[in-house]
Structures are given as structure tokens and as C-alpha cells.
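Chemist: Any chance you could fold what I've pasted below:
(2 chains)
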Amino acid sequence: MATVAERDVASERARAAERRRRRRRSARRRQLVALAFMSPWIIGFSAFYVYPMLASLYFSFTKYDILSQPEWVGLANYRFMFTSDPLFWVAIRNTLWIMVILVPLQVLFGIATATVLTRVKRGLPFYRTVFFLPTMVPLVAAALGFIYILNPAGPVNRILGLLHLPEPLWFVDPRWTKPGLTLIGLWGIGQVMIIFLASLLDVPRQLYEAADLEGARPWQTFRHVTLPMISPVIFFSVLIGMIQGFQYFTQAFVISKAGDQDHEVGFPQDSLLFYSSRLYQQGFEGFHMGYAAALSWVMFVVIMVATLLLIRSSRRWVHYQGGFR
Amino acid sequence: MRRRLIGLLALALLAAACTAGGGGSDQPAATIDPNANHAPLTLTVWSNFSARELGVTTAALKKATQKYPWMTVKHVGSKDDQAISRAINGGTPPDVAISFTPDNAARFCDTGAWQDLTPNLASSKIDKAQVWPAGVFSYTSFENKQCALPMLTDAFGLYYNTDLFQKAGISAPPKTTTELADLAKKLTEYNPDGSIKVLGFLPLIGLYGSTTVNTLGHAYGAKWYDESLKPTLGSDPNWVKMLTWQKAMVDAIGYDKLQKFAAKLGGANSEFSAQNGFETGKIAMMQDGEWRNAFIEGDKSKVNYGTAPFPVDADQPGLYGSGQIGGTIAGVPKGVKHAAESWLLLQFMTTDNTYLTTLAHGLKNVPSTVESLKDPQLQADKHFKPFLDIFANEQSTFKPITPIGVTDFDLFQSFAQKWQAGKVPDLQTGLKQLDDQISKQLQLG
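Modeler: Numbers count the residues shown, from 1 in each chain, chains lettered A, B, ... in the order given. Sure thing, here's the model as predicted:
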């Protein structure tokens, strides 16, 4: 027969088990409520991100033209990409140009403009607006505007002619197409500039005062105070610029096709054929959806690896106030 | 967790596989008696027409209702081939589809996305050879499948400035490319600083859309593919001949000088504007489509001009009179709900001569049937008539169509632009490499 103490222990255990059950039920209910609130996002994310990504991964191993059933071809699309596609490496080269020239220039130009604006005594809101305004212009409109401005018979060349300077053919001459794109890129640095401006204005004044007391010269102050303090923003700008650089498409596409819709993507002479343009060309002009899916997955992997490398390298050169990483 | 992930992946892949290429059936279109009573029915036509052209086509399509009072046609514009393909894939195609890209017809045929109309033509007792000039079949059928029919067309010829001809003492347009080169030299005038004042002929490929490897290649009878669809750019000597002639034309003036001249005109942007080099009298001879007549009129250009077939290789005089043709095509997508009625509407849109000539007058394109080419008003237009004749010529063709759409053309166009810029050291080797690249694209499917 069980003693009173044993009965108490048993009943205490039963109560504890019941409490645990209630806690679990309650936790499950909370989870369900949370899931119910999250469900619009979960459904949207699954339907518009997870499913298309997995589907495109599947298509990348198939021959698929939208109109017929996909046919499994294994790694054939990937093999074609690296060994047979005549324009794959051309597109890579052009895209690298954007990464190596345009992105760093945008960052440098953004810092320089923001630095100048920090010195402006009067009318800062006006200048800030002027520099930010181009960001509000849609990419297509901006590209069309520059096609007019940089038209070989357009206003820029007329001014260059008056100054007896060489008049480039800009978007007609493959040697000048990418410098033309760079001008568009630098014109639209408003977003980068505004972030740098905020970051520069956020650098504690006492650091500059300390540098001043130590007898630091302007360049030394910039190099050892300003740059480290704004390094998280530089990191952010480079990261975003790099991702956008890999996906560079709209301006180049509009410029290639502006003169004549029949011009091939990348006109003239493939000088405006970027990675995304090649992807578009194969998917939507050649109906090689399987190959286009393979191209997009390679781009995804390259962006992912490049992002991880950049994040890893940032430990050495990005300084966070308060030591956060 | 791992099992769940695998399950999710499998489900997604199954869904992807099921989504792809679905919709519609492969049933051949049937025919109906057009004179029989029929319940009222609305049929949808998709095209990429917009603005003025959309209005002109919609108005012309009303003639279908006049002919078949039970039929109402709903014409939806701004639908390109991708939109049409998506609709077919989704199982909700339009009853009749119109495409501006004949290059895509092979894919439509190859995949069965547009129905093979051979049985319909037979049921309706339409003798293709009697109704259309032979050239239309080069861009409406693929591997014996007639999955599209022409609805108006373009034809390319030579435009020449008669005032400049008179000034230079030239009495007739050139008939061979050798003559063209000689006249071009004669007609070219320079400014005191050495820049071009008037250009005899614009030989640059890829600047104005009408001077392409294809339009020039036609003048040399150059072949893109052999019968087994193997590219022949490197093996057909006519390509080398054409490109050598074209490069000599460029070099006679200088690539940079030509580029600067074209740039001063406004570059490629000037093609469809009042600044067009021919319309402003700065280019004496130009290869272009029949639509230029409408632009000259619309832009109120004061140029006095004549039109003629484009000159051909002196060694192949028999080609004279022909040219590159090709234009709008229409078909019945797979999976349409009213197959017989769709065919009846398509038949009307591609064979009814009143409809075609109305459209031709409105859009300023060449009507596409043998009978509609005889339209007295079009025949009486001395500038337009040569294009009617070019289209009717048995040797006029479009570039061979393949399942890779415009990919082969784009690759060759880009190659030719590098060639004329002096960036191709060995033409023959370059063309062979191009063959290899096109073959690989074809293998990719």
C-alpha cells in the first residue's frame, strides 16, 4: 500500500505533468497564432520565391522552351555555358567592367559629393535635393535622356566641338558605350551620396578636435578618422553596388534597342551585352529557358560567394562604433 | 526536417514539371460551313499593334463581322510573342495570334504551339501555290508544317535620289552591286574639311535596320543553311563575296568617317525620323523597306526619288528583281476553344483580298496574296509598285527560319559589325567559327 508521502509525490508528479501539458498546449497555440499572422508572408514567400527558385533549379537541368514539356538534359546547359556559348565570356567581361570601374567610381563620387556638401554653409537642402533628384528618375527615362544628350550630334558633342575637343560617338562606338553608361551611373549617385552625407554628419566632432590637437593634416584626418567611421556605409554601398552590378540590365538594354528595335541585345558589337542581357537574350529571344535558368543559377551562386567573401573581408577594414559586427 | 525538405523539393519539382508546357490540346483545327447559321460568337485576336496601327487593324477586322454577322472580333494590341507563348502555355490562348517576328514561326511549328494548318487548307480547298507568292512559305512553314500564314508583308528594295542622280548625270538605278559601288563613289561629295557632305550609299551594317547581313546576303544569293539545317556561312563562298564587297564599300570612304557621318545624322535614332539621311537628301541611295514611302510622305520630306529592286551580284544577274521579304504572320494557337471558327477568321485575315488591301492602304505595307497585289491603287503608285513586284518575284525569300529564332541572325549581325570595323583578321575562319556557334545554339534546342 502506498504511504501518504508516496501518494503526495505521485499527485505532485501528475500535477507537474499536467502543467507541462498545458504549457506545451499554450506554446503550440502561441505558435499557431504566430503562424497565422505570418501566413500571408509564408504563402507569398513560398509561392513567389521558394517555388520559382526550385522550379528554375529544375529547369536549369532541362531543355525547356515554355511551349513544350521540359526534357531532362543533366548538366548540358552548364557545360554549354562554360565551353560553347560564344557570348558568355563577352558578357562576363562587360559585367566585370561595371564591377571594377563603375561601382568603385560611384562610391568615390558619392563620398566626394557628400564631403563637399558637408562644407556647404548655406542652401544645403537645395544642393542635397539637386544631387538626389536623378535617383527619382526611372531608369528607362534616364537612359533615354542620356541617349539624347550623348547623341553624336547632341548637346554634349556640340559643346565639345566648340571647345575643339574630340567628339566621341558614345553609344554608337563600342569603345565609348561603357564610359557613356558610367556617366549615367555617376549622374544617379543620389542614393549613395545621401547615405554618405548622413554618415559623415554622424562622425563625432570630438574625434576631429582630437585629431586637430594632435596636429593631423586634412588628409590624415580623412584617412584615420573619417574613413574608418564611415567604413560601414562604404561596405554597404560596395555590397549593394556589387549585387546591382551583377544584375545590370535596364540601361544597357534601352540604349541597345533605342535606335532600332531590331538591333541585337548588346548593340553595338556586343559592347553592351551584360550577364543579365545574355540571360534575357537566351530566355526570351532564343526561348532557351532551361539555359537561361542555368545562367541565373550561376549568377546566384557567384553573387552569394562574392557577398560572403566581401563580408569576410569586411572584418579587416570595417569599423563599427561600439564594436558591433 | 531533412525528410520534410526533400518532400518540399520533390513537390516543387513535380509542380514545376506539371506547369511546364501544359495547357491546350494537339487536336487539329476543324472547318465549318461559313454560310451556315451560327450562334453569335466573339473571337479574340492578339497582336503587337499599338497606337495608329492598332486602330487601322481593328477597323479592318470589322469587315469580318460584315462577312460573318454572327462573328464579333475583339482585337487586343501590345501582345508580343512572349505574351502569346505564356497564354498558350497557360491554356488560355487567343483564338487567333498575330506575330511580327517571322523568325519565331519555326518554334511555333516545331513545338506545336501554333496548329499545323495543312488539313484546314485542304478542307477549305485552298491551293497555297495559287493564293500566295512562293516566298511566303520561307517564313510561315517549317519542316512541312504550315503553322502560320502571312497577313501583309514587307519587301526590301533600293531608294535613290533622282535629283542627285540627275546632277551626277546618272540616268538609271544600278542593277549590280558593282554598278552600285561605282555610282556610290560618283555620288559621294565631301566638305572642305574632308567630312562627308553627301553619301552615295550607306554600306554600314547594323546602323539603319534595313541594311543587314540578310538583305545584303540576298543580293548575292548567299545561303544560311543546307537542307539538313547545317549552317553554311563558312562554306557558301557568296558570304565571303558579299562581305568583301561590303567592306570595300566601307573602306573606300573609311569606317570612322562613315560612323561620324551617320552620327551627325543622329545615328540609328534618325532612321524613323525626319532626320533620316535619305529623306534629308544626305544619302543618295539606300536599301529600305516599302514603308519608307509612307515615312517620306508622313515626314513631309522634299526628296525626289525613285524605287527599284536592290542591285545583285554581277555574276548572278538572274537574282535581279527579287529581294528579302517577310512580315506579319498569323496562326491558330493550340488549345483554342473554337478551332473551326478560329480557322475561319484566320482564313479571312489571310486570304480576303478586300480586307488585305484595306489593311495595306492603312498600314502602307505590301498585301500578301497574289490577287491583292493586283490592287489598282497600289499598282498605280510608281514608288510602291517595285515592292509589289519584288514580293511577287519567285526568288524573293526570307531568311530560313529555325527553332532558335533570331539567335543566328543576331550572332551574324554582330560578327558583321566587327568585320566592317576591321576587327576580324580572317573572314573565312571567322565565318567557320560562326557556323560552329550557330550549330551549338541549334543543339541547345
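Chemist: Now chain B against chain A: closest residue?
Modeler: Residue nearest to chain A within chain B: B:Ala268 (2.4 Å; Cβ to the nearest Cβ). (Glycine included, C-beta is placed from N, CA and C.)
Chemist: Distance check, that residue against A:Ile240.
Modeler: With distances taken as Cβ to Cβ, to the nearest Å, B:Ala268 is found 33 Å from A:Ile240.
Chemist: Pull the number of nearby residues for residue 76.
Modeler: Using chain A. When counting by other Cβ atoms under 10 Å in any protein chain shown, one arrives at 19 neighbours for A:Ala76.
Chemist: You answered for a different chain; I wanted chain B.
Modeler: Neighbourhood size, B:Val76 [other Cβ under 10 Å]: 14.
Chemist: same thing with the one 4 residues further on?
Modeler: For B:Asp80, the tally of surrounding residues (other Cβ under 10 Å) stands at 15.
Chemist: Would you pull up the residue in the stretch 101-250 of chain A closest to chain B?
Modeler: A:Pro152 (2.9 Å).
Chemist: distance of that residue from B:Phe261?
Modeler: From A:Pro152 to B:Phe261 the distance is 10 Å (Cβ to Cβ).
Chemist: circling back to that earlier point, am I right that the residue of the stretch 101-250 of chain A closest to chain B is in contact with A:Glu167?
Modeler: Yes. Contact status for A:Pro152 versus A:Glu167: in contact at 6.9 Å, counting by Cβ atoms under 8 Å.
Chemist: more neighbours, the two?
Modeler: A:Pro152 (24 against 19).
Chemist: Could you tell me which residues make contact with the more buried one?
Modeler: By Cβ atoms under 8 Å, 6 or more residues apart in numbering or on different chains, the contact set of A:Pro152 is A:167-170, A:172, B:260, B:263-264, B:266-267.
Chemist: try 6 Å this time
Modeler: Counting by Cβ atoms under 6 Å, 6 or more residues apart in numbering or on different chains, A:Pro152 makes contact with A:169, B:263, B:267.
Chemist: Apart from its chain neighbours, what residue comes closest to B:Gly200?
Modeler: B:Ala184 (3.1 Å; Cβ to Cβ, 6 or more residues apart in numbering or on different chains).
Chemist: can you pull the pLDDT of that neighbour?
Modeler: Note on B:Ala184: pLDDT of 97.
Chemist: Now do the SS call for the closest residue in space to A:Ser84 that isn't next to it in sequence.
Modeler: Closest residue in space to A:Ser84, ignoring its immediate chain neighbours: B:Lys440 at 4.5 Å, by Cβ to Cβ, 6+ apart. Classification of B:Lys440 using DSSP: H, G, I helix; E, B strand; the rest coil returns helix.
Chemist: any idea how far A:Phe274 is from B:Lys440?
Modeler: In this view, B:Lys440 and A:Phe274 are 21 Å apart by Cβ to Cβ.
Chemist: what number of residues lie near the spatially closest residue to A:Val172 that is not a sequence neighbour?
Modeler: In this structure, A:Val172 finds its nearest non-sequential neighbour in B:Gly267, 4.9 Å apart by Cβ to Cβ, 6+ apart. The tally of other residues near B:Gly267 (other Cβ under 10 Å) stands at 27.
Chemist: if we can go back for a sec, did I read that right, the residue of the stretch 101-250 of chain A closest to chain B in a strand?
Modeler: No. Under three-state DSSP, A:Pro152 falls outside any strand and is assigned coil.
Chemist: if we can go back for a sec, could you dump the contacts of A:Pro152 into TSV and include distance to B:Cys147, secondary structure and pLDDT?
Modeler: Listed next are these as TSV, based on distance: Cβ to Cβ, whole Å; DSSP: H, G, I helix; E, B strand; the rest coil; pLDDT from 0 to 100:
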residue	distance to B:Cys147	secondary structure	pLDDT
A:Leu169	43	coil	88
B:Ala263	42	helix	84
B:Gly267	38	helix	77
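Chemist: Please parse chain B into its domains.
Modeler: B:27-153+B:327-392, B:156-324+B:404-444 (automatic domain parsing).
Chemist: quick one, phi/psi of B:Lys302?
Modeler: Backbone geometry at B:Lys302, expressed as degrees, to the nearest 10, gives phi -90, psi 10.
Chemist: That one: how many residues sit nearby?
Modeler: 10.
Chemist: now it, nearest residue through space, not along the chain?
Modeler: Here the nearest residue to B:Lys302 in space, its sequence neighbours aside, is B:Gly281; by Cβ to Cβ, 6+ apart that works out to 7.8 Å.
Chemist: Next, the one you found: secondary structure please.
Modeler: Going by three-state DSSP: B:Gly281 is coil.
Chemist: what's the answer for B:Ala330, then?
Modeler: Going by three-state DSSP: B:Ala330 is strand.
Chemist: Can you name the residues that contact it?
Modeler: Counting by Cβ under 6 Å, 6+ apart, B:Ala330 has contacts B:96, B:98, B:149, B:151, B:346, B:349.
Chemist: and these, which of them are in strands?
Modeler: Among these, DSSP state E puts B:96, B:98, B:149 in strands.
Chemist: The first one contacts B:Val45, correct?
Modeler: Yes. Distance between B:Val96 and B:Val45: 4.7 Å, which falls inside the contact criterion (Cβ atoms under 6 Å).
Chemist: More neighbours: which of the two?
Modeler: The neighbour count for B:Val96 versus B:Val45, taken as other Cβ under 10 Å, is higher for B:Val96 (28 against 25).
Chemist: Against B:Ser342, how distant is that one?
Modeler: In terms of Cβ to Cβ, B:Val96 sits 6 Å off from B:Ser342.
Chemist: what does B:Val366 give?
Modeler: Distance, B:Val366 to B:Ser342, using Cβ to Cβ: 25 Å.
Chemist: How about B:Ser273?
Modeler: Taking Cβ to Cβ, one finds B:Ser273 at 39 Å from B:Ser342.
Chemist: Comparing these two, which residue is more hemmed in?
Modeler: More crowded of B:Ser273 and B:Ser342, by other Cβ under 10 Å: B:Ser342, with 26 against 13.
Chemist: Now do the host helix or strand of that one: everything it contacts.
Modeler: In this assignment (DSSP states H and E), B:Ser342 forms part of helix B:339-351. Residues from elsewhere that reach helix B:339-351 (Cβ under 6 Å, 6+ apart): B:29-32, B:34, B:41, B:43, B:64, B:95-96, B:120, B:131, B:149, B:151, B:330, B:332, B:336.
Chemist: per-residue confidence for A:Phe267?
Modeler: In this prediction, A:Phe267 carries a pLDDT score of 88.
Chemist: tell me the SS of it?
Modeler: What three-state DSSP gives for A:Phe267 is coil.
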